[in-house]
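>>> got a sequence here, can you model it:
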Amino acid sequence: MNIRKYKGMNGGTFKGMKKHTKELTEARKGAHVGTYKETYSWNKLVLTQGQKREPTKEGKICDIRLISRRLEIFYNRTWGTVCDDGFGDIDANVACKQLGINDGIALYSGVDSGTGKIWLDNMRCGGNEPTLADCPNRGWGVEDCSHEEDVGIKCLNRNDGEIRLDSGTIKIFYNGTWGTVCDDSFDDIDAQVACRQLGYNNGFFVGSTVTSEKSKILLDNVDCNGDENTLAHCPHAEWGVEDCSRGENVKIECNNKTEGDVRRSLGKLEILHNNEWGTVCSGNFYNIEAEVACKQLGYRNGSVLENTVATGTSRIWLNGLRCNGGETKLIDCLHTYWGIHTCSHGNVVGIRCEQNGDVRINSSRLEVYYNETWGTVCDDFFDDRDATVACRQLGYK
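Take a look at the predicted model:
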């Protein structure tokens, strides 16, 4: 058969058989922006790429919209959904830019299921496409999804220098793109600046991680002095100028822990120093010190465990603590220098913290703590439902 081409009003090209010249001419008159990249069979025009073509009362081909965060796309005079198979933040970013917003993230939960057609599946955007329909996919209507897999997106305008954590890896936003930070010269000081920018009061450099080939390294040779408000304010190489590999992306851990925080680990008392948890020597550690530690943890009372607790290989931070009972934190008590001790790893302190209403099992007997005293519970009207509540309080299911 003889194939002829017809040039659209805006430079688009139609391919079709000569005997259907009339139908093609009519289609050509209604043509709008975009390039038609696939042929059609018989006299039916199949549009697969581009945007804002063939005006209708409801929308234009390849237009997109958000319905309660659910992403929908218009094709063949019908709005349909997009499957979440393979759909990621890069695809969401392309969709949001099409909507006039400079960034977006993919949502896989909390998205209302749609109805009707599922138009697109297995999206594989590179990030620079002008519209979602320009991204590689399985083809219009070719999918193996249910509406429970309808993807949602969240769009928001970002400022250059904004950061977020992706499983600990720093992602930084610049010029409409998310990228990573190279680990060259990166240390705990830089990590602390990044964590403060994220709203935490502390953090540290964990190490390096490998990212996908799509990720671009945007910052290298970051060298903060510690006073900066954002990572972008720290001295660094020019944006996008780097000599790093995919395996040199910075990974950090952020937290709201502060120097001198305490915690209990299997009864063992631990204290935070220089972002590292360590133990306390049991020598000269009495109930008054235990009460200060427990009050710091939010309890009213505390006492020393009778048996010493093995520490394993963790650091031993404190020895010779002497509290008067009025301190709000254990670190406020008199003590030796950090890390100076004569303890063995099998001789560190454990504490028991108690508050009114606490329960415990003592030889299968249920006991409850009140007014600094442990007492029993009468069995009148006590049944399995009451036992279930007590067991949940103790951490059992």
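
>>> quick one: contacts of stretch 120-132?
With contacts defined as C-beta atoms under 8 Å, 6 or more residues apart in numbering, stretch 120-132 is touched by 50-51, 62, 64, 73, 80, 82-83, 85-87, 90-91, 93-95, 97-98, 133, 135-138, 140, 142-145, 177, 214. C-beta coordinates here come from the backbone N, C-alpha and C atoms, glycine included.

>>> what values do phi and psi take at Arg392?
When read as degrees, to the nearest 10, the backbone of Arg392 gives phi -60, psi -40.

>>> what does Gly339 give?
phi 80, psi 0.

>>> ok, now Asn324?
Main-chain torsions, Asn324, degrees, to the nearest 10: phi -100, psi 0.

>>> chain center to the one helix or strand Arg196 maps to: distance?
Under the criterion of DSSP states H and E, Arg196 resides in helix 188-197. Centre-to-centre, helix 188-197 and its host chain are 17 Å apart (C-alpha atoms, centre = their mean, to the nearest Å).

>>> do stretch 164-183 as well
12 Å.

>>> residues making contact with it?
Under the criterion C-beta under 8 Å, 6+ apart, residues 89, 93, 97, 102-103, 127, 158-163, 194, 198, 206-209, 211, 215-222, 231-232, 239-240, 242, 244, 248-254 lie in contact with stretch 164-183.

>>> what's the first-to-last distance across it?
Its first and final residues considered, stretch 164-183 spans 16 Å by C-alpha to C-alpha, to the nearest Å.

>>> could I get the full set of strands for the stretch 51-200 of the chain?
64-67, 70-75, 78-82, 104-107, 118-120, 152-155, 163-166, 169-174, 177-181 (DSSP state E, counting those that start in this stretch).

>>> one step back: can I have the buried ones of the contacts of stretch 164-183 as a ChimeraX selection?
Burial among the contacts of stretch 164-183 is assessed by 16 or more other C-beta atoms under 10 Å; the matching ChimeraX selection reads:
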select :89,93,97,102,103,127,158,161,162,163,194,198,208,209,211,215,217,218,219,220,221,222,231,232,239,242,244,248,249,250,251,252,253,254
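
>>> shouldn't Trp374 be in contact with Leu366?
No - between Trp374 and Leu366 there is no contact under C-beta atoms under 8 Å: 10.6 Å.

>>> neighbour-wise, which of the two wins?
Leu366 (17 against 13; other C-beta atoms under 10 Å).

>>> quickly list what that one is bridged to.
Applying DSSP bridges to Leu366 gives these bridge partners: Ile361.

>>> mean confidence score for stretch 88-105?
Average pLDDT, stretch 88-105: 91.

>>> over to stretch 354-363?
Averaged across stretch 354-363, pLDDT comes to 82.

>>> cool, and stretch 149-161?
The average pLDDT for stretch 149-161 rounds to 92.

>>> contacts for it, please.
66, 68-71, 81-85, 87, 92, 95-96, 99, 101-108, 110-114, 118, 172-175, 230-233.

>>> endpoints of it, how far apart?
33 Å.

>>> show me how far that stretch is from its chain's centre.
13 Å.

>>> could you do stretch 185-195 as well?
Mean C-alpha position of stretch 185-195 versus that of the full chain (C-alpha atoms, centre = their mean) differs by 19 Å.

>>> name the residues of it that are buried.
Applying 16+ other C-beta under 10 Å to stretch 185-195 flags Phe186, Asp188, Ile189, Asp190, Ala191, Gln192, Val193, Ala194, Cys195 as buried.

>>> residues near Gly339, how many?
13.

>>> equivalent analysis for Ile73, please.
24.

>>> now Trp277
By other C-beta under 10 Å, 16 other residues sit near Trp277.

>>> tell me which element it is part of?
Here Trp277 is assigned to strand 276-280, by DSSP H and E.
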